[in-house]
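**Q** what shape does this take:
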Amino acid sequence: MLKTWSFHLPTPVRFGPGMIRKLGDFAQEFGWNALLVGYKDQKGMEDVYQRAQRSLRQSRMHVFPFFEVGPEPEADLVSQGVEVYKKNRCEVIIGLGGGSVLDVAKAIAALVKLEGEPWDFANANEGHRRITESAPVIAVPTTAGTGSEVTAVSVLTFHGKGSFPDSPLKAALVGEGLHPKIALVDPELTLGKPADVTAACAADALLQAIEACLSRMANPFSTVLAGHTACLVFRSLKKAIAEPQDVNARADLALAACMSGTAYDTTGLTVGHALAQALGAVFNIPHGLAVAIAGPVALRFLQQSCPEPLAELGRQCHILAETPEQQAAMFLDSLENLFRDVGLPDRVTVPPDAPGNHLDRLVRHALEATPEACTLTPVKIDEQILRELFQKVLTTE
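**A** Just a heads-up that it's a prediction; the model follows:
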């Protein structure tokens, strides 16, 4: 008997080189005052922000910059952004940056409409509320990784929460109201990104896609999108790193990220992202890098339990073998080889000043901050399994 499933893509995607020039035209549909959310450290992004503001002003829009976002965005930023939005009577929010910027933009949009604080909506809060509406958001990614431009998820860093309140907690705000009104994906905005950033972001997109296929909520649409995501990353990641200005390779990775986000938006993620989010919080590791390290370890753990979806991904990437088990193993071999070839590490070195109970902190964080990922994993995840997986990820050398 076929299982029941659902799939929904509410965000229109406008994709193509030079698409940033049309930002003003798209934004004007929602009003005349725009809150532009971006990075606090704009090094290397100056031209992108200038082009965006030029397009908006050419469409006679008033632009109110909120350039305050760091690599791992703090939840406290959201209330600041809401204040700027309301003070200037903004009507649309534009997130222009990587996943952290887009997440903050979406959270601001939600809190503009809904009373409360970000923690009221965080999945790590047992009594959290679901986000059902938000102000209009146009999401413009400048990296090719999280796919946040099409998802109903916003990940923020909280302090003073969870079983270890002295340690940061990365938790997600979730709800259909977080979907951007438009995803404007311009591959030219990712040209020239450093090799380490390109590799980590692509690893995030690839592993999100794979986890969408393994999730208990996997469905035919998400699986097809995930398979094409994998093909694009395998085909173009090395070229994008070797030739940072190759717009075709960058377009492949931008499309892969968008497809990956679309795939997991309806399926959720699994234990690999639970591990990665905990590593990011406890050891302050950038998200893409944490995913690149933890994801393969989690997939090897799941390999025997779900060879068929892994084998199918291998088939879509032209990796063939006599049995599903062999094909799944070859697919994971290829993934690990790709990550080594582009310089991604396979272990996290525990810093000398790490707390003595860091393993306990990691396990509790994974269970408390990413409960859905643990639940959606196709095998039962408990504290002992998490502890064993973290031990495989960590090294003291």
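**Q** Leu313 against Glu211, yeah?
**A** No - between Leu313 and Glu211 no contact is recorded; they are 11.0 Å apart, counting by Cβ atoms under 8 Å. All C-beta spots, glycine's among them, are computed from the backbone N, C-alpha and C.
**Q** the two: which is more packed in?
**A** Set side by side, Leu313 and Glu211 give different neighbour counts by other Cβ atoms under 10 Å, the larger being at Glu211 (30 against 26).
**Q** quick check on the more buried one: phi, psi?
**A** phi -60, psi -30 (degrees, to the nearest 10).
**Q** for the spatially most central residue of the chain, which non-adjacent residue is closest in space?
**A** When the chain is reduced to its mean C-alpha position, the nearest residue by Cα atoms, centre = their mean turns out to be Thr146, at 2.6 Å. Counting by Cβ to Cβ, 6 or more residues apart in numbering, Gly99 is the residue found nearest to Thr146 once chain neighbours are left out, at 3.3 Å.
**Q** who are the contact partners of that neighbour?
**A** Contacts were defined as Cβ atoms under 8 Å, 6 or more residues apart in numbering; by that measure Gly99 touches 141, 143, 145-146, 148, 155, 287.
**Q** please report how far it lies from Val153.
**A** Distance of Gly99 to Val153, computed by Cβ to Cβ, to the nearest Å: 10 Å.
**Q** related to what we said a few turns ago, just the contacts of Gly99: which are in strands?
**A** Per DSSP state E, strands hold the following members of the contacts of Gly99: 141, 155.
**Q** closest one to Phe234 out of the contacts of Gly99, please.
**A** Nearest to Phe234 among those, counting by Cβ to Cβ, is Gly145 at 15.8 Å.
**Q** quick one: the strands in this structure, in order.
**A** Taking DSSP E as the criterion, the chain carries its strands at 13-15, 33-39, 62-69, 92-97, 137-141, 153-158, 169-174, 182-185, 348-349, 394-395.
**Q** out of these, flag the one nearest Thr267.
**A** Between Thr267 and those, the shortest gap by Cβ to Cβ is with strand 153-158, which sits at 12.1 Å.
**Q** roughly how far is that closest one from the heart of the chain?
**A** The chain centre lies 11 Å from the centre of strand 153-158; the measure is Cα atoms, centre = their mean, to the nearest Å.
**Q** got the contact list for it?
**A** Under the criterion Cβ under 8 Å, 6+ apart, residues 72-75, 78, 99, 103-104, 106-107, 110, 118-119, 122, 124, 148, 168-174, 178, 265, 277, 281, 287 lie in contact with strand 153-158.
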